[in-house]
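Asker: Okay, predicted coordinates and the sequence, questions at the end:
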Number of protein chains: 2
Amino acid sequence: MNSALYPHFSFDIRDQDLNSRARLGCISTPHGTIETPNFIFCATKGAMKALRMDMVKESDAQIILSNTYHLMLNPGADLVKKMGGLHTFMNWNGPLFTDSGGFQIFSLGHGSIASEIKGNRMQKSSRSLLKINEHGATFKSYLDGQKHLLTPEKSIEVQIKLGADLIVVLDECTPFHVDKAYTERSMAMSHRWALRSLEEFKKRSKETQALYGIIQGGVYEDLRKISTEFVNEHPFFGHAIGGSLGASKHQMSDVIGMTAPLLVRDRPIHLLGIGGISDIFEGVSLGIDTFDCVHPTRLARHGGALVQPHLLPESKNTSSREHLNLRNSNYKEDPNPIDPSCPCYTCQNLSRAYLHYLLKAKEIVVLELLTLHNITFMVRLMKAIREGIKQNNLPALRKEWCS
Amino acid sequence: MNSALYPHFSFDIRDQDLNSRARLGCISTPHGTIETPNFIFCATKGAMKALRMDMVKESDAQIILSNTYHLMLNPGADLVKKMGGLHTFMNWNGPLFTDSGGFQIFSLGHGSIASEIKGNRMQKSSRSLLKINEHGATFKSYLDGQKHLLTPEKSIEVQIKLGADLIVVLDECTPFHVDKAYTERSMAMSHRWALRSLEEFKKRSKETQALYGIIQGGVYEDLRKISTEFVNEHPFFGHAIGGSLGASKHQMSDVIGMTAPLLVRDRPIHLLGIGGISDIFEGVSLGIDTFDCVHPTRLARHGGALVQPHLLPESKNTSSREHLNLRNSNYKEDPNPIDPSCPCYTCQNLSRAYLHYLLKAKEIVVLELLTLHNITFMVRLMKAIREGIKQNNLPALRKEWCS
């Protein structure tokens, strides 16, 4: 069924960890292959923030993600198509993922999980989500306040114009606080939207793109079961675990644990928006094949350099940290690189003292230097994890990479 | 005399244009050679804004300049020295120039020529130059308002700690509006400061740095003559033309024309702070060997891409322009690169439409992309000029590069 719809794509499982559900695989796309488990770096607006695409490629990153929401508003899907598609426009000739645009509309509209947790309820007037019904979602542009309508069909149309290898159905991203009844109704609508997405995809597909379905159901095991059955039954190329993953790392594990094992084995599983190191180990061991998150690149722009625990300074809070804060004056005279074992330009040539100085002096090149390091770190992490699956030593590896 | 003080430096003139004073030369330093005429790119605070040093090197830039004023205040010369000197600190292993720190103190203190022209006289309270006398200049730090004293000895001490290959004596940079009497008194003091700089240099030199003297005298031919005689008589490695160059391109030519021919032939001549394309042709034809200016890199950060005249859009103002303004909506759907003949990453891979979009979307990577292009442009310009001197065809070349 799948091979007919996606003749130029494949997913092969090459090895299976003996002690967990972790698996080693390979996703083939018209723009190259992705060894899994792997991490998808965010080039939100069609550019990696602070880093040239050839540098991203040179760091051995295999796949990046751009956001449909941003690109459909500016510069617009038609312009991108006219310029040869997103790969050509931004000069990334490797595998590329776009999301459906829904996440930004709903998270900006409902208010994000982070702002929920912090208690920053949005004023109704500042909400960008104007209306949501069976047809689609009406929202105000973050750029100029203009009204837009995003439907499942429109999302597919835009994603086909952008031309990413892997694309995703539109779903409603429910906020964390909604109850089970809302979650169930929303899931059912997301399933109907998924079918409309699939129809639109079949109508427009030129066989150069592959469609992911999304599993909803929040933190409710019975709903997750229904949603996994739904995606399993329809010809999606891959599956993304979406919706609320709960309020804690523990709950996130529970949700993945009740979802991933029920998914058909021969499709790649993506976990949306997760990028912490320990979260990745947890996800991999539960069967996740790919992750995406702005965390590594956003952290870089705030002066954070990802490191293994043995490079963290000793402190009471070390256990929850996975990076050095190079703005800290401790690094003012530190002649060492971030990590002497890291092959990136930054670590091979520059001291923590210099990076600290650049951050203090607001020299923009430091954003590039730290982004490069964090991408290189994630690439090495995922490579180590793949090796760990081969060697069946994920638990030991996890201790090496997570404090 | 010079070879004793600068055993590891040399300046050789290899060819002479038949129709002008333009000359082809080579400056040798412990960190490599600079083919002249050449352009010195500004890495003001010990970093090229928006560009990694290996990329600067890869673009074939041969020499860069950092500013003593900024570095002495932050991170401080002692820290830079402790980290192995400025070359190591910022990972630039080619020839490096530092200025004396005077220009910023005096231009921020007196008010810049630009603000004079625009009539933006500074309020006395905002001036950072507190006192200037025979001993040196007292100024407020731009960072924290703290009082600092810069003397000729202090400038040399700081520049020796920073460790650039080519360093400069401290002089008073007089503002454009001062009269001849002030210019003359100031010049005489700058000469005394130059001798103090030279003494301090002799005392501290480890033979890894070479000292430039500065010619003052404003727009007055008799003063410029006195100042050239002064620098000629003392063992400077090179000469920099400083002070006021007048209020117009025409006056600038006059000042260089009355100064450069009087300088001893066997020392390189630097023109401080000039970087327009037509100005460079003019300077080269009058005998200038090196130029420095923030223009190419600053222009990049404002969305300007340097190009030859045949790539400029037709308009009434074309004659005074040397760049494309990529913010202009004309480029919104322009699939062409800035310049198809340019070998830089930006031109080889990206369209004007994409660069226009990145500028509008405020994606910081565009600053890197345009900086790289403008540096590559200047490198190609200077290479063409050196070839033009060899071929004795500077006038034809000038038409090709300047509108």
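Answerer: Noted; the coordinates are in hand.

Asker: for chain B, what are the nearby residues on the stretch 251-400 of chain A?
Answerer: A:332-333, A:335, A:345, A:349-351, A:353-354, A:357-358, A:360-361, A:363-369 (Cβ under 8 Å from any Cβ of the partner chain). In this view, the C-beta of every residue, glycine as well, is placed from N, C-alpha and C.

Asker: Can you tell me which of those are buried?
Answerer: Buried members of these, scored by 16 or more other Cβ atoms under 10 Å in any protein chain shown, are A:345, A:349-351, A:353-354, A:357-358, A:360-361, A:363-369.

Asker: Give me the nearest residue to A:Leu355, chain neighbours excluded.
Answerer: In space, A:Leu355 comes closest to A:Leu326 once its chain neighbours are excluded; the distance is 5.0 Å by Cβ to Cβ, 6 or more residues apart in numbering or on different chains.

Asker: any idea of the pLDDT on that neighbour?
Answerer: We note a pLDDT of 98 for A:Leu326 in this prediction.

Asker: Quick check: phi and psi at it.
Answerer: Note on A:Leu326: its backbone torsions stand at phi -70, psi -10 [degrees, to the nearest 10].

Asker: mind listing the helices for the stretch 1-150 of chain A?
Answerer: With DSSP state H, counting those that start in this stretch as the criterion, the stretch 1-150 of chain A has helices at A:2-5, A:53-58, A:68-73, A:77-82, A:86-90, A:102-110, A:113-117.

Asker: Quick one: those helices as JSON lines, columns for mean pLDDT and mean neighbour count too.
Answerer: Output for the helices of the stretch 1-150 of chain A, formatted as JSON lines (pLDDT from 0 to 100; neighbours: other Cβ atoms under 10 Å in any protein chain shown):
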{"stretch": "helix A:2-5", "mean pLDDT": "79", "mean neighbour count": "13"}
{"stretch": "helix A:53-58", "mean pLDDT": "98", "mean neighbour count": "18"}
{"stretch": "helix A:68-73", "mean pLDDT": "96", "mean neighbour count": "24"}
{"stretch": "helix A:77-82", "mean pLDDT": "98", "mean neighbour count": "18"}
{"stretch": "helix A:86-90", "mean pLDDT": "98", "mean neighbour count": "22"}
{"stretch": "helix A:102-110", "mean pLDDT": "79", "mean neighbour count": "22"}
{"stretch": "helix A:113-117", "mean pLDDT": "48", "mean neighbour count": "14"}
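
Asker: Quick one: closest of those to chain B.
Answerer: helix A:86-90 (5.4 Å; Cβ to the nearest Cβ).

Asker: And that closest one, how far out from the chain middle?
Answerer: 19 Å (Cα atoms, centre = their mean, to the nearest Å).

Asker: list the contacts for the residue in the stretch 101-250 of chain A that chain B sits nearest to?
Answerer: Using Cβ to the nearest Cβ, the closest approach of the stretch 101-250 of chain A to chain B is made by A:Leu143 at 9.4 Å. Going by Cβ atoms under 8 Å, 6 or more residues apart in numbering or on different chains, A:Leu143 touches A:Leu73, A:Asn74.

Asker: Now it: phi and psi?
Answerer: phi -90, psi -50.

Asker: Could you report the separation of it from A:Val158?
Answerer: 16 Å (Cβ to Cβ, to the nearest Å).

Asker: quick revisit: count of neighbours near the residue nearest to A:Leu355?
Answerer: Residues lying near A:Leu326 (other Cβ atoms under 10 Å in any protein chain shown) number 27.

Asker: what do you get for A:Leu130?
Answerer: 14.

Asker: Could you find the closest non-adjacent residue to it?
Answerer: Per Cβ to Cβ, 6+ apart, closest to A:Leu130 is A:Thr138, 4.5 Å.

Asker: Just to check, that neighbour is in contact with A:Gln146?
Answerer: No: using Cβ atoms under 8 Å, A:Thr138 is not in contact with A:Gln146, being 11.1 Å away.

Asker: next SSE after whichever strand or helix holds A:Glu184?
Answerer: Assigning secondary structure by DSSP states H and E places A:Glu184 in helix A:180-204. Going down the chain from helix A:180-204, the next helix or strand is strand A:210-215, by DSSP H and E.

Asker: Any chance you could give me that next one in PDB, C-alpha atoms only?
Answerer: Taking Å, rounded to 0.1, in the frame of the first residue of the first chain, the C-alpha atoms of strand A:210-215 are listed here in PDB:
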ATOM      1  CA  ALA A 210       5.900  11.500   1.700                       C
ATOM      2  CA  LEU A 211       3.200  12.100   4.200                       C
ATOM      3  CA  TYR A 212       3.200  11.600   8.000                       C
ATOM      4  CA  GLY A 213       0.100  11.000  10.000                       C
ATOM      5  CA  ILE A 214      -0.100  12.300  13.600                       C
ATOM      6  CA  ILE A 215      -1.200  10.400  16.700                       C
END
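
Asker: Identify the residues contacting it?
Answerer: So strand A:210-215 is contacted by A:5-6, A:9, A:29, A:156, A:165-169, A:171, A:190, A:194, A:197-198, A:201, A:224, A:227-228, A:230-231, A:234, A:236-243, A:259, A:263, A:270, A:272 (Cβ under 8 Å, 6+ apart).

Asker: Per the annotation, how does chain A divide into domains?
Answerer: Domain segmentation of chain A under automatic domain parsing yields A:2-120+A:152-299, A:303-401.

Asker: Between the ones you listed, which one is closest to B:Val80.
Answerer: domain A:303-401 (9.0 Å; Cβ to Cβ).

Asker: start to end distance for the closest one?
Answerer: End-to-end span of domain A:303-401 (Cα to Cα, to the nearest Å): 20 Å.

Asker: So what's the gap between it and the chain middle?
Answerer: Distance, stretch centre to chain centre, for domain A:303-401: 20 Å (Cα atoms, centre = their mean).

Asker: repeat for stretch A:156-172
Answerer: Mean-position distance between stretch A:156-172 and its chain equals 15 Å (Cα atoms, centre = their mean).
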